[in-house]
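Trainee: predicted model follows, preceded by the sequence.
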Amino acid sequence: MERVYMDHAATSPMNTEVIEEMSSVMKETYGNPSSIHSFGRSARHLVDQARTKIAHSLKADYNDIIFTSGGTEADNLAIIGTAHANKSKGKHIITTQIEHHAVLHACKHLEEQGFEVTYLPVDKSGRVSVQEVEQALRSDTILVTIMYGNNEVGTIQPIQEIGQALRDHSAYFHTDAVQAFGSMEIDVSQLGIDMLSVSGHKINGPKGIGFLYCHKNVNLLPGSFGGEQERKRRAGTENVPAIAGLGKAVEVVQSSLKDKHDLYEGFKSLFRNALMEKNVEFDENGSLEHGLPHVLNLSFPGTDVESMLMNLDMAGIAVSSGSACTAGSIEPSHVLVAMFGTDSERTKNSIRFSFGLGNTEAQIVQAADEVAKVVKRLVS
C-alpha cells in the first residue's frame, strides 16, 4: 500500500536542495555570525544571503526582515510587540474570528493586559468584509491583523483592499502569510502591508525557522532580551543552518510560483471530479473565487471527522481537519463555526486536503478512490 501525504498545510517535506544546503552549512560553517573573525564573517555572509533572498521575494528592504523560530513567534512579535510599543496611542486591535491560534491567543493575552480586541466575523466563504474593517476602525486603533490565506479552508482575504483602507489611518497592518507565502506573488509595498509572518516548514524548508517582515517605520518592542542580533529586535545567536535552509527554500519556491499554482489547482479539479464520478456527495468549504491553490476543504454529509480521519489513515491517506481531538472528543473548528455557525453539520464532517511537493496525479486519483470507499461505508 502506497501511503499518500495530503497534509502539506500542516507541514511539508523538505526539498532536497534545502537539505543539501543545510548539511553543507552544518559541516563547514560553524562560526558565530556576531564574531568579527573569518569564521564569524563566513556565517554572517550566509545569514545576509538568506535575508537578501527573502527581502527580494517580497519586494521589501533587506533591513526589514527579522528571523524568528517560525510563524508563531513572528505573529507574537508583530502583535504583542507593536501593541506594547504603541499603547500610548491607543489599545484597540482589530482581527478576525478565523485567525490562526498564534494570532488569536496573542490577542487574548493582550486583552488580559487591558487591550481591547474586535473580532470581525466572516461570510460563508470565509472572507471578511472590507467595509466592516473600515467601520471597526477607531482613533485608538493601533493594529489590524488579518491573515492572508486561511490555513483550514484556504480562503484568501482582500488584503490589498484592506491595506488601501488603512493608508490614511495610523494603525499598523499585519498579516499572517504562513499559508499564502510561496503560493502567490506578494509585494508588501503595493499591498500596504506593514508586517508579514512566514514559516519555513510550510514551504519545504526546515522547522523551527521563519521570519517577520517589519517595515522600518513600525514601532516594535522586542520579544526577547539579550544580544543585539536582528538590529536589536530579536536577541539570540542566529540559527545559521536553518536560516540558510530557509533562504534556499524561498529561492526554490519563488522560482516556480506559477507552475506550482497551476499544478495544485489542477490537483483540486482532478480530486473533485474523481469524487463526482464516484457519486460522492460533498460540499466545498471556502471561496471558489478567492482560494489558495493547495488547500481544499470538503464537507461529507452523513460522516464524522474522527471516523473519516481514522479510516483514511488506515487506507494510507494522510489528511486532517480543523478540529482538535482531546481525550477522545472532537472540538469543532473555530473557522467553520465562524463561517457556518455552531449547529452546522459542516463543523463535524469536514476534511482538509492539502497538496504539495511529491504529490502526483496518480496519488490524487488514489486518494479520491479511498475517500469514496470510506464515505460510502460510513453513510451506508
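Mentor: Done, it's in.
Trainee: can you pull the buried residues of stretch 6-21?
Mentor: 6-9, 12, 14-15, 18-19, 21 (16 or more other Cβ atoms under 10 Å). In short, each C-beta sits where N, CA and C put it, glycine included.
Trainee: low-confidence ranges, the stretch 101-250 of the chain, go.
Mentor: Residue ranges of the stretch 101-250 of the chain with pLDDT under 70: none are present.
Trainee: S255 versus the nearest residue to K124 once chain neighbours are set aside, what's the distance?
Mentor: With sequence-adjacent residues excluded and distances taken as Cβ to Cβ, 6 or more residues apart in numbering, K124 is closest to M339, at 5.5 Å. Distance of M339 to S255, computed by Cβ to Cβ, to the nearest Å: 35 Å.
Trainee: between the two, tell me which one has more neighbours.
Mentor: Neighbour totals were compared for M339 and S255, and M339 leads with 28 against 9 (other Cβ atoms under 10 Å).
Trainee: pull the distance from the helix or strand harbouring the more buried one to the chain's centre.
Mentor: Here M339, judged by DSSP states H and E, is contained in helix 334-340. Distance of helix 334-340 from its chain centroid, counting by Cα atoms, centre = their mean, to the nearest Å, is 18 Å.
Trainee: who touches the next helix or strand after that helix?
Mentor: Under the assignment DSSP H and E, the closest C-terminal helix or strand after helix 334-340 is strand 350-354. Strand 350-354 has contacts (Cβ atoms under 8 Å, 6 or more residues apart in numbering) with 6-10, 152-153, 271, 285, 294-300, 305, 308-309, 312, 319-322, 333, 336, 367, 371.
Trainee: mean confidence for strand 350-354?
Mentor: Mean pLDDT, strand 350-354: 97.
Trainee: after that strand, which helix or strand is next?
Mentor: Later in the chain than strand 350-354, the nearest helix or strand by DSSP H and E is helix 361-379.
Trainee: who are the contact partners of the residue nearest to K124?
Mentor: The contact partners of M339, by Cβ under 8 Å, 6+ apart, come to 98, 122-126, 153, 285, 346.
Trainee: got TSV for the residues you listed, with neighbour count too?
Mentor: TSV is the format used below for the contacts of M339 (neighbours: other Cβ atoms under 10 Å):
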residue	neighbour count
I98	30
V122	20
D123	12
K124	14
S125	16
G126	27
V153	27
N285	29
R346	21
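Trainee: so which of the residues you listed is the closest to R167?
Mentor: Ranked by distance to R167 (Cβ to Cβ), the contacts of M339 are led by V122 at 23.0 Å.
Trainee: my guess is that closest one contacts I98. True?
Mentor: Yes: the pair V122 and I98 qualifies as a contact (Cβ atoms under 8 Å) at a distance of 5.5 Å.
Trainee: got any residues that touch both of these two?
Mentor: In terms of Cβ under 8 Å, 6+ apart, V122 and I98 are both contacted by the residues 155, 338-339.
Trainee: quick one: mean pLDDT for the helix holding M339?
Mentor: The predicted model assigns helix 334-340 a mean pLDDT of 97.
Trainee: return the set of buried residues in that helix.
Mentor: For helix 334-340, a neighbour-count test (16+ other Cβ under 10 Å) marks 334-340 as buried.
Trainee: now do stretch 259-270
Mentor: Quick answer for stretch 259-270 (16+ other Cβ under 10 Å): 260-261, 263-264, 267-268.
Trainee: tell me the one of those residues nearest I186?
Mentor: Nearest to I186 among those, counting by Cβ to Cβ, is H261 at 12.9 Å.
Trainee: give me the element the closest one is part of.
Mentor: Short version, using DSSP H and E: H261 is in helix 257-277.
Trainee: and if you look at S307?
Mentor: Assigned by DSSP H and E, S307 falls within helix 305-314.
Trainee: export that helix as PDB, just CAs?
Mentor: Taking Å, rounded to 0.1, in the frame of the first residue of the first chain, the C-alpha atoms of helix 305-314 are listed here in PDB:
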ATOM      1  CA  VAL A 305     -14.400  13.800  11.300                       C
ATOM      2  CA  GLU A 306     -13.000  11.300  13.600                       C
ATOM      3  CA  SER A 307     -14.200   8.200  11.700                       C
ATOM      4  CA  MET A 308     -13.100   9.800   8.400                       C
ATOM      5  CA  LEU A 309      -9.600  10.600   9.600                       C
ATOM      6  CA  MET A 310      -9.100   7.100  11.200                       C
ATOM      7  CA  ASN A 311     -10.400   5.200   8.200                       C
ATOM      8  CA  LEU A 312      -8.400   7.300   5.700                       C
ATOM      9  CA  ASP A 313      -5.200   6.800   7.800                       C
ATOM     10  CA  MET A 314      -5.700   3.100   7.700                       C
END
